[in-house]
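**Q** Predicted coordinates and the sequence they were generated for:
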Amino acid sequence: MFIMMVRTTYHVEAETKPLDVVAKEIAAEQSTGTWTNVPAEREVHEKVGARVVSAENNTVVIDFPEEIFEPTNIPQILSVVAGNLYGLGGLKALRLEDVDFDPLVKYYKGPVFGIKEVRKYLGVYDRPLVGTIIKPKVGLSPKRTAEVAEQAALGGLDLIKDDETLTDQAFCPLEERLTAVMDKLDKVKKVVGKPCLYAVNVTTGADKIVERAERAKELGANMIMVDILTAGFSAIQAINEANIDLPIHVHRTMHGALTRGPFGISMPVISKLTRMVGGTNLHIGTYSGKMEHNVCDIDRSRDILRQPWDNFKPMFPAVSGGIYPQLLKPNLDCYGIDCILQAGGGIHGHPEGTVAGAKAMFQAVEAWKENVPLEQYAKTHHELAVALKKWGPS
Ligand code: CAP
Ligand code: MG
């Protein structure tokens, strides 16, 4: 019988053992084996045992038979492809670089809202989306949060999001904040002539997240935000399966613990899982910004989110982390227009305030589109000129 395989690729650095020996240990530990022979393994290996495909130049490729997986159970899938292996002795580095999920994708709905649906909602087709993170990230009351959101929307922004550490604390209860922000955004829509998305952060424990997302929808939310690594991939899967019918902005706080060190999981694997479970936008990093970045992983993640894959709608990469008008060009050169440029400090830190900060971002986008150097464009665009003065030349 033909067995479908889920192919995984690892970067492995062993202390002393040859790579092929380590590869066999990984395949065994993650499927039917353990540190010594167990007689019954012979009965089950054929069906669910992993096979080493290759082990050379610090790259180990392993095939896992489809049957080892419970197809819709992401915690179980991760415990196979990214489980105990990190704890094995004698290793200096072990990173899960890629997983070919194709045998399993038929079990996933993917995004309900993708790039096309969000562009249609906003009526914006010919430029990147420009958004912001409310700053300060915590401490503002619902009323003050709504005032900042109002300014951001008056500046013409497409998206406003909560920061990752703001959920439902006493100083800013979620329901009150959401209602206050949506009230302001509804009013601003009449002034600027277009809607603005507000990704309210519904991240919480497994027992409450679907209910919280449903409540957000009832209260008039037009987008929700979930932190996929702290809440878990299944949190978004559960929201998607519950047909809440809202676009989902996916933040990835804590990703550095997985993506940065010698032991971990690559951002492309996280990107694939996020598209499978139904995110609309996903933070995948900046080519230039405040965060450490791996250009190769950003390129791969960008393509994973946007390129055709099964029936999944394409997703927006969110470009965030210390960006401001001067940093748009290096990012746009690599991302093109199908991305969301998000600036927190780079908008609210503008010397003339949030509206001016938003305008300076749009002016930098226009300059990029027209292929005009920022300094030249700033001669006729005041807000951009002020931003250049504050944060230095491009
Ligand atoms: C950006 C941000 C985002 C990071 C996350 C922050 O604010 O809100 O959480 O971009 O990084 O708190 O830093 P600023 P990533 O624009 O003020 O930097 O997208 O790399 O996961
Ligand atoms: Mg943040």
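**A** Perfect, I can see it now. Numbers count the residues shown, from 1 in each chain. Ligands and ions are numbered 1, 2, ... in the order given.
**Q** okay, CA-based contacts and neighbour counts for the rest of this
**A** Fine.
**Q** any low-confidence regions in the protein?
**A** 1 (pLDDT under 70).
**Q** Tell me the residues of it that contact ligand 1?
**A** Applying CA under 6 Å from any ligand atom, one finds that the chain approaches ligand 1 through 133, 163, 252-253, 283-285, 291, 320-323, 343-346.
**Q** let's see it at 8 Å
**A** By the rule CA under 8 Å from any ligand atom, the part of the chain lying against ligand 1 is 132-135, 137, 163-164, 251-253, 255, 283-286, 289-293, 318-324, 342-347.
**Q** Whichever of those end up buried, select them in PyMOL.
**A** To isolate the buried subset of the residues of the chain next to ligand 1 in PyMOL, counting by 16 or more other CA atoms under 10 Å, use the following:
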select buried, resi 132+133+134+135+163+164+251+252+253+255+283+284+285+286+289+293+318+319+320+321+322+323+324+342+343+344+345+346+347
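**Q** can you map out the strands along this protein?
**A** Remark: strands assigned in the chain by DSSP state E are 5-14, 51-56, 59-65, 91-99, 129-133, 159-161, 197-201, 223-227, 248-251, 263-265, 281-283, 316-320, 340-342.
**Q** With ligand 1 as the reference, measure out to the nearest residue to Gly139 once chain neighbours are set aside.
**A** Setting aside the residues directly before and after it, Gly139 is nearest to Phe171 in space (CA to CA, 6 or more residues apart in numbering), at 6.6 Å. Distance of Phe171 to ligand 1, given as CA to the nearest ligand atom, to the nearest Å: 19 Å.
**Q** Let me know whether Phe171 touches Thr145 as I believe.
**A** No. If you go by CA atoms under 8 Å, Phe171 and Thr145 don't touch, sitting 11.0 Å apart.
**Q** Tell me which of those two has more neighbours.
**A** Thr145 (22 against 12; other CA atoms under 10 Å).
**Q** The more buried one and ligand 1: what is the separation?
**A** Thr145 sits 15 Å away from ligand 1 when distances are taken as CA to the nearest ligand atom.
**Q** Now stretch 324-336: buried residues?
**A** Within stretch 324-336, the residues scored as buried using 16+ other CA under 10 Å are 324-329, 331-332, 335.
**Q** closest to ligand 1 among these?
**A** Tyr324 (7.6 Å; CA to the nearest ligand atom).
**Q** show me the contacts for that closest one.
**A** Contacts for Tyr324 (CA atoms under 8 Å, 6 or more residues apart in numbering) come out as 343, 345-347, 361.
**Q** Who is the residue of the stretch 1-150 of the chain found nearest ligand 1 paired with across the strands?
**A** Using CA to the nearest ligand atom, Ile133 is the residue of the stretch 1-150 of the chain that sits closest to ligand 1, at 5.4 Å. On the basis of DSSP bridges, Ile133 is bridged to Lys161.
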